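> here you go, sequence then predicted model.
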Amino acid sequence: MSVTLVGNRTPSGTAPERANGISPSVADPVPGAPVNPSGVRQYPDQAVNKGRKPKLYKGREPIYPRRVHGRFRTLKWIIMAVTLTIYYVAPWVRFDRGPYAPDQAILVDLANRRFFFFWVEIWPQEFFYVAGLLIMAGIGLFLVTSAVGRAWCGYACPQTVWTDLFIWIERLVIGDRNARIKLDNSPFSARKARLKITVHTIWLLIAVATGGAWIFYFADAPTLATQFIRGEAPATAYITVAILTFTTYTLGGLMREQVCTYMCPWPRIQAAMMDEHSLTVTYNDWRGEPRSRHAKRMEREGKVVGDCIDCNACVAVCPTGIDIRDGQQLPCITCALCIDACDEVMEKVGKPRGLISYTTLSDYAANAARAATEGVEAAKAGQVLPGWREVMRPRVFLYFGLWSAIGIGMVIAVLARDRLDLSVAHDRNPRFVQLSDGEVRNGYTVKIMNMEPEPREFDFGIEGLPGGLMWSPNIVDEPARRFAVPVGPDQVREFRVFVKADPKDLDSETTPFNFRTYEIGGRENSEFDAVFDAPPRR
Ligand code: SF4
Ligand code: SF4
């Protein structure tokens with residue numbers, strides 16, 4: 001068995017005091033870190049929620065997550081790098097939409113009430129697309145939870161990502177867990193002040209950058225950045241950055257796991273969505289118990305011991321400060337860092353990985369039953385691990401089907417939607433005017449909406465009104481059945497139209513007809529059902 005000794009054995013270091021707040025000499029000092037009798041480092045941490053009587057309000061106990069290496073930590077680094085890069089860089093990506101539209105790839109243009117996402121442009125009346133995206137995001141969370149448990153919380157939630165980033169800054173400036181505990185427990189000194197000020201300054205800079213990146217989604221980023229630096233940006237920009245700086249710094253730097261444990265509703269919702277086939281980070285107590293820090297001696301004495309050497313490495317790396325060996329808990333964000341930590345320990349003591357693993361309740365029960373009947377070694381050799389069957393479940397298919405159907409429907413709707421809209425309002429009073437030559441005139445207010453970022457010309461006319469002619473002040477004075485209307489890029493053109501007809505040509509007092517408009521040189525057209533009113537027949 002290959003064993004790595006870290007520092008000297010210091011039995012006092014194995015005391016189960018809470019690491020946070022204990023003296024540095026006891027809390028795994030460096031050098032001279034305590035060593036578990038099994039030969040790996042012993043972490044004197046205790047879960048923050050262990051052995052405490054419930055109180056109405058309890059002050060936060062600081063948590064000092066230790067650095068860990070492993071596949072899930074690597075995955076978290078990759079996801080952090082990708083999500084943060086997208087967030088900070090996206091507003092600076094340019095996308096050419098021609099000379100009449102902004103060239104920012106992602107832009108919420110509040111002034112002109114438009115949302116641009118690469119080649120897609122959403123107008124206010126098309127807001128249902130945004131609602132569709134929000135519904136997809138909601139169903140997507142259900143889908144992810146059903147397939148891979150609380151993966152969102154552990155890997156991609158902004159609270160997790162920014163907290164991880166802030167802990168990384170702490171680690172870079174002060175050092176790993178022991179150095180941070182030591183610094184916090186040391187008396188005030190110039191070094192302590194310098195390190196703390198450095199950490200909080202970097203946190204604040206990140207928080208300002210986070211708020212700054214957000215406002216760039218709402219205006220041309222290069223222009224707003226210049227205005228912002230010169231003090232010429234709108235007040236709302238400064239207020240927004242101030243609010244987001246405060247929230248990022250407070251939530252990611254100071255409150256951290258408390259947001260997940262006490263403030264966020266999502267863990268409660270997810271807990272209700274989990275079933276016995278949901279993946280969750282699980283301590284396999286059927287092979288870990290009875291845990292012992294003196295496993296070798298106990299084995300020599302012929303006593304039964306489990307694989308857990310009670311080193312507390314899993315507790316020391318946990319960003320929420322809990323002990324996964326106590327079972328599934330709401331504060332567990334399933335970041336799987338305890339899996340990496342325990343796998344590392346298992347390798348050191350020559351035991352198979354997976355004492356803590358992603359497992360479903362049903363697989364856990366199957367493994368535990370096998371351990372009880374066939375023995376722990378047999379169960380370990382044939383340990384049921386999660387596979388595709390956990391993901392390929394009817395519930396997952398249902399969510400995926402729903403999510404895909406909405407997504408496909410939205411894509412088709414976006415591709416097939418008209419970029420031309422015609423609306424007409426009939427004058428309410430008077431409904432008609434009798435002309436001196438006996439004909440009758442009706443007045444209408446017409447709106448032609450050109451939703452393309454380029455100027456277009458439309459052929460506008462009436463259909464279905466016998467003998468009807470129309471004219472429009474400032475466009476065409478001569479009565480005609482149709483005329484051309486130019487409309488600027490991304491604009492709504494509103495104009496008055498007067499339609500006249502001889503009542504003798506009409507069958508009734510109210511004659512239905514259509515206004516129709518065609519794109520000249522294009523394929524789009526739009527029509528509007530209208531009525532022409534005439535006086536009662538005698
Ligand atoms: S579960 Fe693994 S990491 Fe946690 S105390 Fe036991 S051996 Fe150590
Ligand atoms: S118990 Fe493990 S999976 Fe849960 S939050 Fe802590 S380290 Fe992450």
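Nice, I can see it. Numbers count the residues shown, from 1 in each chain. Ligands and ions are numbered 1, 2, ... in the order given.

> residues of this structure that sit close to ligand 1?
Proximity of the chain to ligand 1, by C-beta under 6 Å from any ligand atom, involves residues 283, 288, 308-314, 325, 341-342, 345, 355-356. To be clear about C-beta, it is placed using only N, CA and C from the backbone, and glycine gets the same treatment.

> inside helices: which ones of these?
Restricting the residues of the chain next to ligand 1 to those inside helices, with DSSP state H as the criterion, leaves Gly288, Ala313, Cys314, Ala341, Cys342, Val345.

> tell me which two of those residues sit farthest apart.
Every pair in these was compared (C-beta to C-beta); the two farthest apart turn out to be Gly288 and Ala341, at 13.7 Å.

> please say which of the two ends up with more neighbours.
Ala341 (28 against 20; other C-beta atoms under 10 Å).

> which residues does the more buried one contact?
Taking C-beta atoms under 8 Å, 6 or more residues apart in numbering as the definition of contact, the neighbours of Ala341 are Arg66, Val68, Gly70, Ala313, Cys314, Ala316, Val317.

> hang on, the earlier thing: among the ones in helices among the residues of the chain next to ligand 1, show me the least confident.
Of all those, the one the model is least sure of by pLDDT is Gly288, with 91.

> surely that residue and Asp310 touch.
No. The pair Gly288 / Asp310 is not scored as a contact, 9.3 Å apart, by C-beta atoms under 8 Å.

> what touches both of those two?
In contact with both Gly288 and Asp310: no residue, using C-beta under 8 Å, 6+ apart.

> and the residue positioned nearest the centre of the chain, what pLDDT?
The residue at the geometric middle of the chain, judged as the C-alpha nearest the mean C-alpha position with C-alpha atoms, centre = their mean, is Cys157 (5.9 Å). Here the pLDDT value assigned to Cys157 is 94.

> Arg52 too?
What the model reports for Arg52 is a pLDDT of 64.

> ok so, going back, and the two most separated of the contacts of Ala341?
Within the contacts of Ala341, two members stand farthest from each other by C-beta to C-beta: Gly70 and Ala316, at 13.9 Å.

> more neighbours, the two?
Neighbours of Gly70 and Ala316, each counted by other C-beta under 10 Å, are more numerous for Ala316; the result is 27 against 19.

> and that one, how close does it get to Trp168?
In this structure, Ala316 lies at 16 Å from Trp168, with C-beta to C-beta, to the nearest Å as the measure.

> one more: Cys318?
Distance, Cys318 to Trp168, by C-beta to C-beta: 16 Å.

> so between those two, which is more surrounded?
Between Cys318 and Trp168, Cys318 has the larger neighbour count (other C-beta under 10 Å), namely 27 against 13.

> which strand or helix spans the nearest residue to that one once chain neighbours are set aside?
Excluding its sequence neighbours, the residue lying closest to Cys318 (C-beta to C-beta, 6 or more residues apart in numbering) is Cys338, at 5.7 Å. Cys338 is located in helix 337-348, with elements delineated by DSSP states H and E.

> what of Met449?
If you go by DSSP H and E, Met449 is part of strand 440-450.

> what residues of that strand count as buried?
Of the residues in strand 440-450, those scored as buried under the neighbour-count criterion (16 or more other C-beta atoms under 10 Å) are Val440, Arg441, Asn442, Gly443, Tyr444, Val446, Ile448, Met449, Asn450.

> can you list the strands that it pairs with?
strand 420-426 (antiparallel), strand 433-434 (antiparallel), strand 491-501 (antiparallel) (DSSP bridges).

> export those strands to JSON lines and append columns for distance to Asn185 and mean neighbour count.
Formatted as JSON lines, these follow (distance: least, C-beta to C-beta, whole Å; neighbours: other C-beta atoms under 10 Å):
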{"stretch": "strand 420-426", "distance to Asn185": "68", "mean neighbour count": "16"}
{"stretch": "strand 433-434", "distance to Asn185": "90", "mean neighbour count": "13"}
{"stretch": "strand 491-501", "distance to Asn185": "66", "mean neighbour count": "17"}
